[in-house]
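S.K.: Just to be clear, the model below is a prediction. Sequence and coordinates:
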Amino acid sequence: MDIVILLLKQNFIMFIYLMIGYFLCKKKLVSQQGCADIGKMLLYIIMPVAIFRSYVADFSWKIFEGLTISFVAAVLSLLLSICVSRLFFSSDQAVERFGAAFSNAGFIGIPLVQMTLGGENVIYISSFVALLNILQWTYGVLAMTGDRQYITFKKIRTNPIVISFLAGIAVFLMPVAFPETIHGVIGTVSSMNGPLAMIVLGIYLGQIPLAELFTERIVYKCVVIRLVLIPALTILLMMALPAEYLMIKLAVLIVASAPVGSNVAIFAQLFDQDYSRSVKEVCLSTLACIITMPILIGIASAIL
């Protein structure tokens, strides 16, 4: 039950950050362009640094074994979420196919794993975050457009998350001694991930009337599948892994139980899909996961 209490506490803290963003938006202290700029800072600097930081550790075969297990768990859980989203949403419901399939693993999952399971366990979800980004720019683009011509290797090759993932693995396999000052900078920058991500989501929330969050049935359907069905099936999937990998399984479950990824709104704008509905799904699922995630992770910690 300790992890449930920790998640509830951390989710409450994240909710406070969300409300700060909401306040900033309502008081017009941050513009839409300002919000977009913070989002770019998160995507190109802060989240990559958070992933890279997890690999700055002494090499050990135990950690290497854990990385292998976590990679397999990430592949299976992401394939599961894609299959479930395809089963429940048709090709003309592209926003929901994308949103249900891809969680907010980077902006919400990483800080929650860091704060509940410890910073040393972030390394076990880095492959999940990197694979999720690759799949967003391949399967996700195809789901949004129905056209393979939009899929380019350059988008994957230059993705900051993928670059930081590969750089982190290199540093782990060939240990590099960083000066204490650099360690401090890396730690400080990576700690910004959770607060800034939730502030951005709060600004998103402030852009739409709260009553409109509850007006579309398809939004509810997407949220339930993302926050309840997919995590529940992922728990069954994690039961196939040996009990000794409990921390790895819980870390993967936290990122798999995260709300609809905020990238769905970016992709919806980029590819002329329903941006308003995508924002509703991001915001409503983010609010709902404050309750759903602790319950599901509590159940998982008891049976895994």
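M.R.: Looks like it came in fine. All of these numbers come straight from a predicted model, not from anything done at the bench.

S.K.: Distance-wise, check residue 168 relative to residue 125.
M.R.: 12 Å (Cβ to Cβ, to the nearest Å). Placement of C-beta: from N, CA and C, glycine included.

S.K.: what do you get for residue 138?
M.R.: 20 Å.

S.K.: just residue 139 next, same as before
M.R.: Applying Cβ to Cβ, the value for residue 139 to residue 125 is 20 Å.

S.K.: Please say which of those two ends up with more neighbours.
M.R.: More crowded of residue 139 and residue 125, by other Cβ atoms under 10 Å: residue 125, with 30 against 19.

S.K.: pLDDT score for the more buried one?
M.R.: Looking at residue 125, its pLDDT is 92.

S.K.: got it, and the one 4 residues further on?
M.R.: Note on residue 129: pLDDT of 91.

S.K.: Point out where the stretch 1-150 of the chain drops to low pLDDT.
M.R.: 1, 150 (pLDDT under 70).

S.K.: show me where the stretch 151-300 of the chain has helices.
M.R.: Secondary structure of the stretch 151-300 of the chain by DSSP state H, counting those that start in this stretch: the helices cover 153-157, 160-173, 180-190, 193-206, 217-224, 230-238, 246-256, 263-270, 275-303.

S.K.: List the contacts of the residue minimising distance to the centre of the chain.
M.R.: For the chain, the residue nearest the mean C-alpha position is residue 105 (1.3 Å; Cα atoms, centre = their mean). Going by Cβ atoms under 8 Å, 6 or more residues apart in numbering, residue 105 touches 125, 128, 129, 132, 255, 256, 258, 261.

S.K.: Apply 6 Å and report the result again.
M.R.: Residues near residue 105 by Cβ atoms under 6 Å, 6 or more residues apart in numbering: 128, 129, 132, 255, 258.

S.K.: Can you check the pLDDT for the last one?
M.R.: Per-residue confidence at residue 258 stands at 95 (pLDDT).

S.K.: Run a quick check on it versus residue 106, I expect a contact.
M.R.: No: with contacts counted by Cβ atoms under 6 Å, residue 258 stays clear of residue 106, the gap being 8.9 Å.

S.K.: So between these two, which is more surrounded?
M.R.: Comparing residue 258 with residue 106 by other Cβ under 10 Å, the one with more neighbours is residue 106, at 30 against 26.

S.K.: and the residue lying closest to residue 145 once chain neighbours are set aside, backbone torsions?
M.R.: Among residues not flanking residue 145 along the chain, residue 271 sits closest, at 5.3 Å (Cβ to Cβ, 6 or more residues apart in numbering). Per-residue torsions, residue 271: phi -120, psi 30 (degrees, to the nearest 10).

S.K.: pretty sure residue 271 contacts residue 143?
M.R.: No: between residue 271 and residue 143 there is no contact under Cβ under 6 Å: 9.6 Å.

S.K.: higher neighbour count, those two?
M.R.: Legend: neighbour count by other Cβ under 10 Å for residue 271 and residue 143, higher for residue 143 (26 against 18).

S.K.: looking at this, the more buried one is in a helix?
M.R.: Yes: counting by DSSP: H, G, I helix; E, B strand; the rest coil, residue 143 falls inside a helix.

S.K.: and the residue nearest to it when sequence neighbours are not counted, how far is that from residue 218?
M.R.: Excluding the flanking residues, the one nearest residue 143 by Cβ to Cβ, 6+ apart is residue 97, at 4.7 Å. From residue 97 across to residue 218, the span is 11 Å (Cβ to Cβ).

S.K.: Repeat that for residue 267.
M.R.: Distance of residue 267 to residue 218, computed by Cβ to Cβ: 17 Å.

S.K.: next one: residue 258
M.R.: With Cβ to Cβ as the criterion, residue 258 and residue 218 are 20 Å apart.

S.K.: is it true that residue 35 touches residue 201?
M.R.: No: with contact defined as Cβ under 6 Å, residue 35 does not reach residue 201; the gap is 9.7 Å.

S.K.: Between these two, which has more neighbouring residues?
M.R.: Taking other Cβ under 10 Å, residue 35 and residue 201 do not tie; residue 201 has more neighbours (28 against 21).

S.K.: The more buried one and residue 10, how far apart?
M.R.: Note on residue 201: its distance to residue 10, by Cβ to Cβ, is 15 Å.

S.K.: Contact partners for the residue of the chain positioned farthest from its centre?
M.R.: What lies farthest from the middle of the chain is residue 179; by Cα atoms, centre = their mean that is 30.0 Å. By Cβ under 6 Å, 6+ apart, the contact set of residue 179 is empty.

S.K.: Ok, the one 10 residues further on next?
M.R.: Counting by Cβ under 6 Å, 6+ apart, residue 189 touches 46, 49.

S.K.: repeat that for 10 Å
M.R.: Shown in contact with residue 189 (Cβ atoms under 10 Å, 6 or more residues apart in numbering): 45, 46, 47, 48, 49, 50, 52, 53.

S.K.: Brilliant, that's me finished.
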